[in-house]
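**Q** I would like the atomic coordinates for the input below:
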Amino acid sequence: MTKSDHQGHGHDHAAGVTNKTRLVVAICIVAVFLVVEVAGAALSGSLALLADAGHMASDLLGLIVALIAILIAARPATDRQTYGYQRAEVFGALFNGVLLSAVAVFVAVEGVQRLLDPSEAEVLSTPMLVVAVLGLAANVASLLVLRGGADSIGMRGAYLEVLGDLFGSVTAIVAALVILTTGFAQADAIASLVIAGLIVPRALSLLRDVFHVLSESAPKNMDVEKIRQHILGTDGVVDVHDVHVWAITSGAPVFSAHVVVTAELFARGGTGALLDELSGCLTGHFDVEHSTFQLEPAEHAQHEERFHR
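**A** All right, here's what the predicted structure looks like:
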């Protein structure tokens with residue numbers, strides 16, 4: 001291992017430890033204020049606070065998933081888990097998406113009922129305002145903690161989750177101020193519907209990403225035809241087929257293909273150099289770290305199709 005390799009490994013390890021510390025601190029902040037917000041919702045009768053607490057609970061789960069992803073990333077693959085444990089992040093995102101959807105539906109139904117029946121909309125505005133401001137402060141503190149680690153995909157996701165909840169807290173504050181100054185108690189129900197509206201796109205986005213990974217669809221940023229053309233443009237390559245691109249988890253694409261090469265390349269022993277070139281192409285141009293190529297002579301490719309029907 002070269003000196004630069006040691007330095008790079010040391011930098012990655014230090015970054016991982018720092019990100020882990022940031023996540024632990026943010027988790028503690030969000031967990032404490034989640035309890036405060038639930039208690040405040042019960043005390044004030046505010047549906048908006050309860051909706052924001054549900055949003056914050058999802059943030060907490062997202063932060064925990066991000067932390068787990070960092071912890072398990074270093075675990076080696078085994079004969080049973082040949083790709084390691086990276087897909088645990090996907091199942092965490094699935095649970096998170098289902099939880100968000102359930103919270104949004106509950107809040108929307110309850111909010112509509114309160115709008116239709118104003119007698120259910122009685123809210124203590126002062127406790128609601130105090131708790132909403134504390135929730136906003138917690139979100140700001142979490143954002144400041146997470147901001148320095150936003151260069152990591154997992155950390156960016158955690159940062160954006162807390163940022164989304166910040167807008168929920170602002171909505172609850174506005175509703176509390178409206179009730180406090182005008183007595184319009186239904187502002188709480190309206191705010192809860194706004195927060196539910198903020199939750200739904202994130203829930204759908206999470207569930208869509210989970211579906212793409214579990215269905216082994218090609219990642220959105222992968223142009224399969226462009227990859228095929230890159231391979232065909234390599235010296236010695238005659239054809240390429242059985243091309244597959246999928247993801248183990250978000251940001252971890254995997255590629256495999258059967259590549260038909262000239263007899264001359266096999267004869268001169270150039271397969272090793274070709275594999276290096278193809279792997280380098282996938283890594284350098286398409287950010288695919290794990291690629292597998294089956295090199296075939298033309299006569300093998302001609303009768304192989306019957307095995308892939």
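
**Q** now do the strands in the stretch 151-300 of the chain.
**A** 237-247, 253-261, 290-297 (DSSP state E, counting those that start in this stretch).

**Q** tell me which of these sits most buried.
**A** Here the criterion is mean neighbour count by mean count of other C-beta atoms under 10 Å, and of the strands of the stretch 151-300 of the chain the winner is strand 253-261, at a mean of 20. No exception for glycine: its C-beta is placed from N, CA and C like everyone else's.

**Q** contacts for stretch 39-49, please.
**A** The set of residues external to stretch 39-49 that reach it, using C-beta atoms under 8 Å, 6 or more residues apart in numbering, is 37, 50, 53, 107, 110-111, 114, 122-125, 127-128, 130-132, 134-135, 171-172, 175-176, 188-189, 191-192, 195.

**Q** distance of the residue of the chain positioned farthest from its centre relative to residue 214?
**A** Distance from the centre of the chain peaks at residue 267, with 46.9 Å (C-alpha atoms, centre = their mean). Relative to residue 214, residue 267 is positioned 44 Å away (C-beta to C-beta, to the nearest Å).

**Q** what subset of the contacts of stretch 39-49 is buried?
**A** Neighbour counting with 16 or more other C-beta atoms under 10 Å marks 37, 50, 53, 107, 110-111, 114, 123-125, 127-128, 131-132, 134-135, 171-172, 175-176, 188-189, 191-192, 195 as buried within the contacts of stretch 39-49.

**Q** inside helices: which ones of these?
**A** 37, 50, 53, 107, 110-111, 114, 125, 127-128, 131-132, 134-135, 171-172, 175-176, 188-189, 191-192, 195 (DSSP state H).

**Q** please name the nearest non-neighbouring residue to residue 31.
**A** Leaving aside its chain neighbours, residue 31 sits nearest to residue 60 (5.9 Å; criterion: C-beta to C-beta, 6 or more residues apart in numbering).

**Q** secondary structure element holding the one you found?
**A** Assessed by DSSP states H and E, residue 60 sits inside helix 47-73.

**Q** return the distance of that helix from the chain's centre.
**A** 12 Å (C-alpha atoms, centre = their mean, to the nearest Å).

**Q** what's the average pLDDT for that helix?
**A** Regarding helix 47-73, the rounded mean pLDDT is 80.

**Q** in it, what counts as buried?
**A** Under 16+ other C-beta under 10 Å, the buried positions of helix 47-73 are 47-70.

**Q** enumerate every residue touching residue 212.
**A** Residues near residue 212 by C-beta under 8 Å, 6+ apart: 219-220, 247.

**Q** ok, now with 10 Å
**A** Counting by C-beta atoms under 10 Å, 6 or more residues apart in numbering, residue 212 touches 90, 218-220, 246-247, 250.

**Q** quick one on the thing from earlier: format the strands of the stretch 151-300 of the chain as JSON lines; extra columns: distance to residue 22 and mean pLDDT.
**A** JSON lines is the format used below for these (distance: least, C-beta to C-beta, whole Å; pLDDT from 0 to 100):
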{"stretch": "strand 237-247", "distance to residue 22": "25", "mean pLDDT": "91"}
{"stretch": "strand 253-261", "distance to residue 22": "26", "mean pLDDT": "93"}
{"stretch": "strand 290-297", "distance to residue 22": "28", "mean pLDDT": "90"}
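
**Q** now these in JSON lines, with distance to residue 283?
**A** Converted to JSON lines, the strands of the stretch 151-300 of the chain look like this (distance: least, C-beta to C-beta, whole Å):
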{"stretch": "strand 237-247", "distance to residue 283": "14"}
{"stretch": "strand 253-261", "distance to residue 283": "10"}
{"stretch": "strand 290-297", "distance to residue 283": "8"}
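
**Q** closest one to residue 228 among the ones you listed?
**A** strand 237-247 (5.6 Å; C-beta to C-beta).

**Q** now do the end-to-end distance for stretch 66-80.
**A** 24 Å (C-alpha to C-alpha, to the nearest Å).

**Q** wait, the residue nearest to residue 31 touches residue 161, no?
**A** Yes - between residue 60 and residue 161 there is a contact under C-beta atoms under 10 Å: 9.2 Å.

**Q** what is in contact with these two at once?
**A** Common neighbours of residue 60 and residue 161 (C-beta under 10 Å, 6+ apart) are 26, 30, 96.

**Q** burial check on the first one, number of neighbours?
**A** Which is residue 26. 29 (other C-beta atoms under 10 Å).

**Q** ok, it - contacts?
**A** 59-60, 63, 66-67, 138-139, 141-146, 149, 155, 158-159, 161-162.

**Q** show me the domain layout of the chain.
**A** What automatic domain parsing lists as the domains of the chain is 3-214, 224-307.

**Q** weakest of those in terms of mean pLDDT?
**A** domain 3-214 (a mean of 79).

**Q** and that domain, how far out from the chain middle?
**A** Computed by C-alpha atoms, centre = their mean, the chain-centroid distance of domain 3-214 equals 13 Å.
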